[in-house]
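**Q** have a look at this prediction, sequence included:
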Amino acid sequence: MKEYLSAIATAAGAGLVLLGLAITVAFGPWRIGRAGGAVFGTMFVLAAFVVVVWKVWGSLDWASGQPVPWAEDEEFATPAPERSREEFPLSSDYFARRTSEAGDTARSEGTVDDGIAVLRPELRETLVAVLVGGSHDEASAEHAVETGAWTDDPVATAVVEPGLEMPETSIRRRIEAWLFPERVLRERVRRTVQKIAETADGSLPTVPGQSAPRTVPVLEPRLEELQRGADGRLQRAVDPTVVGPDDDPPTPDEASGDPDGPAPGSAGADAGRSRANSPATADGPESEPTPTPDGGDEEVWGA
């Protein structure tokens with residue numbers, strides 16, 4: 001590719017040289033002075049055009065048509081990303097649609113088993129994939145699903161395997177399944193998905209660092225934020241929990257975010273009660289005392 005670009009650059013340079021010679025022969029030495037400005041302007045425009053073409057040509061990705069640097073039979077490349085399926089059996093949108101279809105089937109047919117038959121292939125496929133991803137092979141995973149040995153919940157085993165019978169239920173539950181088959185269907189599917197998730201937690205390997213503690217870094221206050229207190233120790237000059245200069249520091253219950261407020265008889269409740277009972281004026285919570293003519297101070301509260 002570099003040789004190809006070099007050939008193009010050489011051809012462009014030779015073309016400019018030939019163009020200059022042609023202009024010189026056409027106009028001659030005696031006319032070059034009068035037409036010199038136009039000639040040099042034309043050559044400048046052509047040179048700028050060649051530079052622009054060179055930059056655009058060099059910015060093109062010529063390696064896009066080359067083969068990929070990995071083998072076609074590698075696991076992560078099979079199938080290719082553009083050929084992989086877009087939806088998985090238990091993705092949220094897909095499974096929600098399938099559950100809605102199963103509910104419609106159970107409501108139209110009148111039985112819960114007809115609705116479960118719609119979701120059984122996805123649930124069974126996911127369960128087998130979970131068992132194979134753990135310590136089972138394909139045959140042992142299928143055997144565990146067929147016998148119900150993968151969980152101790154008989155409802156979940158009967159949902160994923162039609163050969164297993166659903167446990168006996170009370171008359172009230174039978175009437176509920178007859179009147180509201182979609183509700184019973186969703187309850188059984190929820191139990192099955194929960195058991196599959198528990199099996200996945202116990203079978204699949206954990207992700208490294210999944211349970212690692214997430215510590216929050218604590219930054220030391222800056223020097224301009226410190227002041228020396230009455231005891232001689234440095235402390236923050238501004239309380240970070242105070243919103244503005246006119247705001248009171250929050251009580252312990254407010255700082256903890258208790259939505260129910262302070263408990264009766266606590267310090268926060270007493271402080272709130274004292275502030276609520278104190279008289280207030282239109283200009284603020286409390287007015288300044290007004291001096292009297294005899295030099296004493298008489299506190300006059302505004303109405």
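**A** On my side now, so go ahead. Residues are numbered from 1 along each chain as shown.
**Q** so where's the stretch 51-200 of the chain shaky on pLDDT?
**A** Across the stretch 51-200 of the chain, the ranges flagged by pLDDT under 70 are 56-91.
**Q** so where do the helices sit in it?
**A** 92-109, 112-133, 138-147, 154-160, 171-179, 181-203 (DSSP state H, counting those that start in this stretch).
**Q** can you list these in a markdown table and add distance to residue 52?
**A** Every residue, glycine included, has its C-beta placed from N, CA and C. Listed next are those as a markdown table, based on distance: least, Cβ to Cβ, whole Å:
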| stretch | distance to residue 52 |
| --- | --- |
| helix 92-109 | 48 |
| helix 112-133 | 56 |
| helix 138-147 | 61 |
| helix 154-160 | 66 |
| helix 171-179 | 76 |
| helix 181-203 | 58 |
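**Q** among these, which comes closest to residue 15?
**A** Residue 15 lies closest to helix 92-109 among the helices of the stretch 51-200 of the chain, at 59.9 Å (Cβ to Cβ).
**Q** which residues does the closest one contact?
**A** Outside helix 92-109, the residues that touch it by Cβ atoms under 8 Å, 6 or more residues apart in numbering are 87-89, 112, 114-119, 122, 181-182, 185-186, 189.
**Q** what do you get for stretch 133-140?
**A** 128, 131, 132, 144, 200, 202, 203, 204.
**Q** and which of the contacts of helix 92-109 is nearest residue 195?
**A** When the contacts of helix 92-109 are compared for distance to residue 195 (Cβ to Cβ), residue 189 wins out at 10.9 Å.
**Q** so where is the stretch 201-303 of the chain shaky, pLDDT-wise?
**A** By pLDDT under 70, the low-scoring segments of the stretch 201-303 of the chain are 204-219, 230-232, 237-303.
**Q** of all the helices of the stretch 51-200 of the chain, which lies closest to residue 49?
**A** Nearest to residue 49, of all the helices of the stretch 51-200 of the chain, is helix 92-109, at 52.9 Å by Cβ to Cβ.
**Q** what's the angle from the closest one to helix 112-133?
**A** Angle of helix 92-109 versus helix 112-133, following axes from the mean of the first three to the mean of the last three Cα atoms, to 10 degrees, is 150 degrees.
**Q** sorry, back to before: can you tell me which of the contacts of helix 92-109 are buried?
**A** Using 16 or more other Cβ atoms under 10 Å as the burial test, the contacts of helix 92-109 include 89, 112, 114-119, 122, 181-182, 185-186, 189 as buried.
**Q** before we move on, the earlier item: out of the helices of the stretch 51-200 of the chain, deepest packed?
**A** Among the helices of the stretch 51-200 of the chain, ranked by average contacts under mean count of other Cβ atoms under 10 Å, first place goes to helix 154-160 (a mean of 22).
**Q** kindly reformat the buried ones among the contacts of helix 92-109 as CSV containing distance to residue 220.
**A** Below are those laid out as CSV (distance: Cβ to Cβ, whole Å):
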residue, distance to residue 220
89, 51
112, 62
114, 66
115, 61
116, 60
117, 64
118, 60
119, 56
122, 54
181, 63
182, 59
185, 58
186, 53
189, 53
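**Q** can I see the domain layout of the chain?
**A** Domain segmentation of the chain under automatic domain parsing yields 2-59, 92-203.
**Q** just send these back as JSON lines, with distance to residue 225 too.
**A** Shown next, in JSON lines, are these (distance: least, Cβ to Cβ, whole Å):
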{"stretch": "domain 2-59", "distance to residue 225": "50"}
{"stretch": "domain 92-203", "distance to residue 225": "46"}
